[in-house]
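Colleague: A predicted structure for the sequence below; I have some questions about it.
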Amino acid sequence: MPEVKSVDEVLLARVQADPATGRAIPDAATGETIGYAPEQAIVEVDVAVAAAKAAQREWDELGHAVRSKLLHAAADAVDANAEALARLLSREQGKPLDGPNARFEVGACVTWLRSAATTVLEPQVLIDSDTDHAVLTYRALGVVAAIGPWNWPLMIAIWQIAPALRMGNTVVVKPSEYTPLSVLALVDVLNEVLPPGVLVPVVSSDREVGARLAAHPDIDKVMFTGSTATGRRIVEASSANLARLTLELGGNDAGIVLPDADPKAIAEDLFWGAFINTGQTCAALKRLYVHESIHDEVIDALAGVVRRMPMGCGLDPGNVLGPLQNAAQFDIVARLVEDAEARGGRVVVGGEPAPELGANFFRATIIADLTDGVALVDQEQFGPVLPVVRYTDVEDAIASANGLDAGLGASVWSSDRVAARAVAARLRAGTVWINSHGTLHPEVPFGGVKKSGYGLEFGVEGLKSVAEPRIVSG
Ligand code: NAD
C-alpha cells in the first residue's frame, strides 16, 4: 500500500530541506521532529535582496489594479491550502486547530490579504486655489524586509507582506528561527501566483542573518515584529541604511475593571483577552486591575472559564489552549509564577506545569493578591498566566496602567460605555478597547506607543507606512 500523506505533510514536502543539511524543527507539543528547515548563510541574504531588488521595478509598473488582482489570487491560494497550513502551524507553533488559533490565524491571512488588495490610498489635494496647487501622492519605497516572531507567524507575516506588495514594493521575508516551516509554506503558497522575485524567503537560526537583512544597504524599509531588545538593534542598524521602520514590539497591556462591570458577563471576554494563543500574544491582557467591590466575583467567574477550557495537543479536536512554543518561553513563565507566589501571590487556578500533556505545557493560571512591583505584573509574561491586582481608587488603577514603559494596548471594562470611554481617554496605549481586549480589524490601524514601538499597520495608514510620499506642487 502506498503511504498516504496528510495535507500538511504534502505541503511540508514542498518546502523542507534535506535532513542531512537542514535543521530539525520540533513539534511544540510533543517534541518530535516535524521537518527540516533550510539553514541559509549570511551571503544568501545578499542574493535574496538582489533578487527582490531586480524584480521591484517590473512589479511596481504592473500598477495597482493588477497587483490587487494578484493579492486576491494569493488569498484564494491560501484559502485552498488553509487546512494544510493550519495543521503545519499547529504542530510547529503549538496552537490548537480549534478556537481562535491555527484555523483562525490562516483565515486572518486571507482577510488581511483581501483588505490590502481592496484598500485604496487616494492622492490628497493639499491646496487647490487660483494660484496654488499641491497634491500628496504615494509610491513604492523599494525592497521591504519583513522580520517576524514565532507567536502568530503567518498572520504577522501577511500583515507585513500584503501592504508592502500592494504598494509596489518587493519583500524579503525572515521568519523566526522557531517557526520557519509554516512561514516557508505560506510563502510557497503565495508564490503559486506571484511573479518570481517579488516575495523571497530567507531562513536561518543564525540571528546574524536577521541583522544582516535589517542593515542591508538595499533594504528601504524594515517591518519588524518582535521583542523590544531586537527592535533596538534594528534602530541602530537603520542609522547606516536609513531604512524606514515599523516596529511592533512587546506589550504589557493592562485591563481596568470598573466597579459597575458585570463579572459574569465579562468573564469569557476577559479570558480570551488574556489567554488567546495561550497568552503568547503581543496585545494580550497581561495584568488585570479589578475594583475591590467586585474583585472576588470577577476572580471566581474568570477561574470558572479557565477551568472549562481544554488544553492539549493542537491537532486533537476541542483543545483551545496549547503549549508554550519553546522551552525558553516555558522557563520564563515558570520563573515568573514561582516568583509571584514567593512574593505573596495566591494561585486561584493553575500555577504549575502540566507534564502529562508535554514538556512545554503550563496550566492556565490566575494569580491574585499581587501588587505592582512584582515581576509577573511589571514584565511581559507571554504565556497563560494572568496576574490580578485589587484597587480601591480608579486613579491608582489608571496610574498603574500608565506606569510602565510598554504601551501597545489596554482595556476598560464597565457597564457604562461613557464612563469607560472617559477612563480610556486617559490611558497611554496604541489601542484602548472597551469590554474586549485585542480584537483587531483590517481597516483599523494598529500600533504601539512608548517602548512598544512606532508606526501603524493596517488600512490606509498601513499602506502609507510602506510607501514614499511625493508632493507635486505648482
Ligand atoms: P525576537 O525579537 O527574539 O525575534 C523576532 C525576529 O527578529 C526573529 O525573526 C529573529 O530571528 C529576528 N532577529 C533577531 N535578532 C535580530 C537582529 N539583530 N536584527 C534583525 N532581526 C533579528 O522576538 P520573538 O521572541 O520572536 O517574539 C516575541 C516578542 O515579540 C514579544 O515581546 C512580543 O510581545 C513581541 N510581539 C509584538 C507584536 C506586536 O504587534 N507589537 C506581535 C507579536 C509579538
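Modeller: Yep, that arrived.

Colleague: From now on I want contacts and neighbour counts done on CA atoms only, so please keep to that.
Modeller: OK.

Colleague: Report how many residues lie close to the residue in the stretch 1-150 of the chain that the ligand sits nearest to.
Modeller: Of the residues in the stretch 1-150 of the chain, the one nearest the ligand is P149, at a distance of 3.4 Å by CA to the nearest ligand atom. By other CA atoms under 10 Å, the residues close to P149 number 21.

Colleague: That one against T230, yeah?
Modeller: No - P149 is not in contact with T230 according to CA atoms under 8 Å; the separation is 10.7 Å.

Colleague: who touches the residue of the stretch 1-150 of the chain closest to the ligand in this structure?
Modeller: Going by CA atoms under 8 Å, 6 or more residues apart in numbering, P149 touches 156, 175-176, 225-226.

Colleague: which stretch of helix or strand covers it?
Modeller: Per DSSP states H and E, P149 falls between elements, in no helix or strand.

Colleague: coming back round to it: out of the contacts of P149, who's nearest A82?
Modeller: I156 (16.1 Å; CA to CA).

Colleague: And the closest one, what's its pLDDT?
Modeller: Per-residue pLDDT puts I156 at 98.

Colleague: any idea how far it is from V472?
Modeller: Separation of I156 from V472 (CA to CA, to the nearest Å): 34 Å.

Colleague: With neighbour numbers in mind, choose between the two.
Modeller: Neighbour count, other CA under 10 Å: between I156 and V472, I156 has more, with 24 against 11.

Colleague: Show me where the protein dips below the pLDDT cut-off.
Modeller: Along the chain, the model assigns pLDDT under 70 to residues 1-2.

Colleague: run the last query once more with 90
Modeller: 1-5 (pLDDT under 90).

Colleague: Would you mind listing what in it touches the ligand?
Modeller: 147-150, 174-177, 207, 210-211, 214, 225-227, 230, 233-234, 248-251, 281-282 (CA under 6 Å from any ligand atom).

Colleague: list the buried ones in the longest helix seen in the chain?
Modeller: As assigned by DSSP state H, the longest helix anywhere in the chain is helix 42-61. Neighbour counts over helix 42-61 (16 or more other CA atoms under 10 Å) mark 42, 45-46, 48-53, 55-56, 59-60 as buried.

Colleague: Name the residues that touch that helix?
Modeller: 67, 140, 142-143, 167-172, 196-202, 208-209, 212-213, 216, 218-219.

Colleague: Select only the buried ones of those residues in ChimeraX?
Modeller: Buried residues among the contacts of helix 42-61 (16+ other CA under 10 Å), as a ChimeraX selection:
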select :67,140,142,143,167,168,169,170,171,172,197,198,199,200,201,202,209,212,213,216,218,219
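
Colleague: In helices, which of the contacts of helix 42-61 fall?
Modeller: Per DSSP H, the contacts of helix 42-61 map to helices at 67, 208-209, 212-213.

Colleague: For these, give me CSV that also has distance to H441.
Modeller: Converted to CSV, the ones in helices among the contacts of helix 42-61 look like this (distance: CA to CA, whole Å):
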residue, distance to H441
R67, 22
E208, 34
V209, 32
R212, 33
L213, 30
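
Colleague: Just flag the most distant two among these.
Modeller: It's R67 and E208 that sit farthest apart of these, by CA to CA, at 32.5 Å.

Colleague: how does the chain divide into domains?
Modeller: According to automatic domain parsing, the chain is divided into the following domains: 7-249+452-473, 253-441.

Colleague: what about the shortest one, how long is it end to end?
Modeller: Read it as domain 253-441. For domain 253-441, the end-to-end distance is 18 Å (CA to CA).

Colleague: Span of stretch 59-67 from start to end?
Modeller: First residue to last in stretch 59-67 (CA to CA) measures 8 Å.

Colleague: How many neighbouring residues does the nearest residue to I234 once chain neighbours are set aside have?
Modeller: Nearest residue to I234, sequence neighbours excluded (CA to CA, 6 or more residues apart in numbering): A214, at 6.2 Å. A214 sits with 30 neighbouring residues when counted by other CA under 10 Å.

Colleague: so A214 makes contact with V235?
Modeller: No - A214 is beyond contact range of V235, at 9.0 Å (criterion: CA under 8 Å).

Colleague: if we can go back for a sec, with distance to I332 as extra columns, can I get the buried residues of helix 42-61 in CSV?
Modeller: Listed next are these as CSV, based on distance: CA to CA, whole Å:
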residue, distance to I332
I42, 30
V45, 32
D46, 35
A48, 35
V49, 35
A50, 39
A51, 39
A52, 38
K53, 40
A55, 42
Q56, 42
W59, 44
D60, 44
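
Colleague: For E457, state which of these is nearest.
Modeller: Among those, and counting by CA to CA, the member closest to E457 is D60, at 20.7 Å.

Colleague: next one: phi and psi at S6?
Modeller: Backbone torsions of S6, given as degrees, to the nearest 10, read phi -70, psi 160.

Colleague: Let me know the distance separating it from I34.
Modeller: S6 is 13 Å from I34, by CA to CA.

Colleague: circling back: pull out the buried members of the residues of the chain next to the ligand.
Modeller: Counted by 16+ other CA under 10 Å, the residues of the chain next to the ligand give 147-150, 174-177, 210-211, 214, 225-227, 230, 234, 248-251, 281-282 as buried.

Colleague: Keep only those of those that are in helices.
Modeller: 210-211, 214, 230, 234.

Colleague: ok, V348 - contacts?
Modeller: 299, 303, 365-368.

Colleague: Among these, which are located in strands?
Modeller: If you go by DSSP state E, the contacts of V348 have 365-368 in strands.

Colleague: The ones in helices among the buried ones among the residues of the chain next to the ligand: which two are farthest apart?
Modeller: A214 and T230 (10.7 Å).

Colleague: so how far is R426 from the nearest residue to H216 once chain neighbours are set aside?
Modeller: Of all residues beyond its chain neighbours, the one nearest H216 is N241 (6.8 Å), with distances taken as CA to CA, 6+ apart. Going from N241 to R426 by CA to CA gives 37 Å.

Colleague: Who are the packing partners of the helix or strand containing A334?
Modeller: Assignment of secondary structure by DSSP H and E places A334 within helix 327-342. When contacts are defined as 3 or more CA pairs under 8 Å, 6 or more residues apart in numbering; DSSP states H and E, helix 327-342 packs onto helix 375-378.

Colleague: Touching the helix it packs on from outside, list them.
Modeller: Contacts for helix 375-378 (CA under 8 Å, 6+ apart): 252, 286-287, 336-337, 339-340, 370-372, 387, 404.

Colleague: quick check, nearest of those residues to the ligand?
Modeller: Scanning the contacts of helix 375-378 for proximity to the ligand, where the rule is CA to the nearest ligand atom, the winner is N252, at 7.9 Å.

Colleague: returning to what we had before: can you give me the buried ones in the helix or strand following the helix holding A334?
Modeller: As assigned by DSSP H and E, the chain's next helix or strand after helix 327-342 is strand 346-349. Across strand 346-349, burial judged by 16+ other CA under 10 Å covers 346-347, 349.

Colleague: what does stretch 296-304 give?
Modeller: By 16+ other CA under 10 Å, the buried positions in stretch 296-304 come out as 298-304.

Colleague: With stretch 65-81 instead?
Modeller: Buried-residue list, stretch 65-81, by 16+ other CA under 10 Å: 67-68, 70-79, 81.
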